[in-house]
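S.K.: Need a 3D model of the following:
(4 chains)
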Number of protein chains: 2
Amino acid sequence: MLTIGQLARYVGVSTKTVRVYHAKGLLPEPERDSSGYRRYSADAVVELVRIRMLADAGVPLARIRELGSTPEELADALQQIDAGLTARIKGLRDTQRRLRKLAAGEIRILPANVEEHLAGLPALGFTDRWIAMERDLWIIVYATHPDLADTLFQDQAQSLTDPDLRNLYLAADHAHDLDPDDPALIELADRIVAASIQRYGTEPPGSDADPAIPDLLQNTLNAASPGWQRLDSLIRSRMADAGFTLRTTSDDSHDG
Amino acid sequence: MLTIGQLARYVGVSTKTVRVYHAKGLLPEPERDSSGYRRYSADAVVELVRIRMLADAGVPLARIRELGSTPEELADALQQIDAGLTARIKGLRDTQRRLRKLAAGEIRILPANVEEHLAGLPALGFTDRWIAMERDLWIIVYATHPDLADTLFQDQAQSLTDPDLRNLYLAADHAHDLDPDDPALIELADRIVAASIQRYGTEPPGSDADPAIPDLLQNTLNAASPGWQRLDSLIRSRMADAGFTLRTTSDDSHDG
DNA sequence: CTTGACCTTGCCCCTAGGGCAATGTCGCAC
DNA sequence: GTGCGACATTGCCCTAGGGGCAAGGTCAAG
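M.R.: Have a look, this model is predicted:
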């Protein structure tokens, strides 16, 4: 008869594995010899090979234990396991495909149409710096307001088809490099506020949802350059004068 | 800015997962707001997506942490991971193939030639009972003496090509159903011992290695029927008389 | 003011075993 | 009979990648 080591070596597992299977009730404890060693018959080999085959297929041991009753439900279970394997193979292939995209730098975090929109911005004259900021902005908008984000994005994308609005955005982009005291910032702020009122009235889309979005924009801009910080400040004061419903958060909880 | 829940939902993981990644140093701890909540920027989303992509590919978290230094060694690592994925897909497909064999009952525990030998026995007139016994026997021989087993098996397979020997084995098979007192058993034992001496002299192959194999045969036979038990007993006493080197184990350590 | 949905940390649980310790046993060599 | 190396026994702690719960703090709404 076989010792635990012989059994384990023949099937290609460790003795520990065999003991674990005993402890979990997968493999019945065999008789012990006079010194307390386990002694296995050939049946144990067959059973252990069966268990290993299923375990290699990723079947949890607890499920393997439940498995062995009637032949038809065993066949059923085997079919399920087979289907699970097929699914896992497909999943791994998908992962591999995505991983290759990651290696190629084509990582996709935003919806495809947003990525396309961002990809089209350089041709319109926007700086990489502005595009990066917009990208971060959309990531956070989609994360915080998945329901509103598409609407907001459609509006934004559509507004760039208007040459006047597009020029305003371009001007805001390049305001990054302006001195905070440059009077051009004042003029730009006036034009932006006027265009906003013309487009939205005093109730911009999403403003009733959460102050996080304008706040976020503010913080992103402020952190980037003194020029943008000044521009943002000017826009806010002018919008408040115009009766815009911008609930400003006054606490320090959104610093960063 | 994002709370941990928003970040987790957007990327499709649990908040616990994000905290684990902080604890393991995979994702830097973000700033806290005034109430101690973590506040994430868009960078964290990008980083978390990257981590999840690698983790989904089965890369251990500890390795993901080491990963991000220079671009060329990152590309190298990605290629290794890709190769690992390919290997795992292949492994799963192999598993699936073996599992289907298991479902079809074509499970392979013994070497292919032994299985073929066993598969040929019914056509020679052996009973299923005998074949099952021989199968168990070979499993244990291959497990306990992988070095000798092939030699022993070749000898056994070759001996069946001799019609006289084959008839002896067939007679032993059918002795299962004989009464222990049947005189045919005595005659059969005599013929078996004579044939053994003619084939091997008094030193059968493997007998110098371990008493386990004849013991095993003995126990298997004895457990099966009174007829076989009597036959075994007769053979042993005659072989001992003939000076056969059968070291009999007298202790009780191989019961079962 | 309460309620429910969040967030915080800390703790134990899981799988499928690996690895170690302390101890007992086997078979071989001296 | 003594020693040695290989093997066996049980029990305990460890791993990765979280899950789930407890006990508490926070936030916005009714």
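S.K.: Run through the neighbouring helices and strands of the helix or strand that contains A:V193.
M.R.: A:V193 belongs to helix A:183-200 when elements are defined using DSSP states H and E. The contact analysis (3 or more C-beta pairs under 8 Å, 6 or more residues apart in numbering or on different chains; DSSP states H and E) places helix A:183-200 against helix A:163-174, helix A:226-241. In this view, the C-beta of every residue, glycine as well, is placed from N, C-alpha and C.
S.K.: what about the stretch 101-250 of chain A, any weak spots by pLDDT?
M.R.: In the predicted model of the stretch 101-250 of chain A, residues A:202-223, A:243-250 satisfy pLDDT under 70.
S.K.: again, only this time at 50
M.R.: A:208-212, A:247-250 (pLDDT under 50).
S.K.: just to revisit the earlier point, just the buried residues of the helix holding A:V193, please?
M.R.: Going by neighbour count (16 or more other C-beta atoms under 10 Å in any protein chain shown), the buried part of helix A:183-200 is A:185, A:188-189, A:192-193, A:195-197.
S.K.: closest to DNA strand C among the residues you listed?
M.R.: The closest of those to DNA strand C turns out to be A:S196 (C-beta to the nearest atom of the strand; 31.3 Å).
S.K.: measure that closest one to A:A189 for me?
M.R.: As judged by C-beta to C-beta, to the nearest Å, A:S196 and A:A189 stand 11 Å apart.
S.K.: try A:N113
M.R.: A:N113 is 30 Å from A:A189, where distance means C-beta to C-beta.
S.K.: Got phi/psi on the residue nearest the centre of chain A?
M.R.: The centroid of chain A falls nearest to A:I109 when counting by C-alpha atoms, centre = their mean (6.6 Å). Reported as degrees, to the nearest 10, the phi and psi values for A:I109 are phi -110, psi -40.
S.K.: how does chain A divide into domains?
M.R.: A:1-67, A:70-107, A:112-241 (automatic domain parsing).
S.K.: Output the set of residues of chain A in proximity to DNA strand D.
M.R.: Within chain A, the positions near DNA strand D by C-beta under 7 Å from any atom of the strand are A:3-6, A:15, A:19, A:36-38, A:253.
S.K.: ok, and of those residues, which contact DNA strand C?
M.R.: Among the residues of chain A next to DNA strand D, proximity to DNA strand C is found for A:G36 (C-beta under 7 Å from any atom of the strand).
S.K.: tell me which of the residues of chain A next to DNA strand D is nearest to B:L124?
M.R.: Set against B:L124, the nearest of those by C-beta to C-beta is A:Q6 (30.4 Å).
S.K.: Let me see the contact set for the closest one.
M.R.: A:Q6 makes contact with A:40, B:143-144, according to C-beta atoms under 8 Å, 6 or more residues apart in numbering or on different chains.
S.K.: Surely A:H174 and A:G125 touch.
M.R.: No. Under the criterion of C-beta atoms under 8 Å, A:H174 makes no contact with A:G125, lying 9.1 Å away.
S.K.: And those two? Which one has more around it.
M.R.: Using other C-beta atoms under 10 Å in any protein chain shown as the criterion, A:H174 and A:G125 rank with A:H174 on top: 16 against 13.
S.K.: so what's the more buried one closest to, chain neighbours aside?
M.R.: Nearest non-adjacent residue to A:H174, counting by C-beta to C-beta, 6 or more residues apart in numbering or on different chains: A:T127, 7.4 Å away.
S.K.: Following element in sequence after the longest helix anywhere in chain A, please.
M.R.: Longest helix in chain A, counting residues (DSSP state H): helix A:71-103. Where DSSP H and E defines the elements, the next helix or strand beyond helix A:71-103 is helix A:112-124.
S.K.: following that following helix, which helix or strand comes up?
M.R.: Next along the chain after helix A:112-124, taking DSSP H and E as the criterion, comes helix A:128-144.
S.K.: anything in the helix or strand just after that next one near DNA strand C?
M.R.: Counting by DSSP H and E, the next helix or strand C-terminal to helix A:128-144 is helix A:146-159. No. Using C-beta under 7 Å from any atom of the strand, no contact is recorded between helix A:146-159 and DNA strand C, whose separation bottoms out at 12.2 Å.
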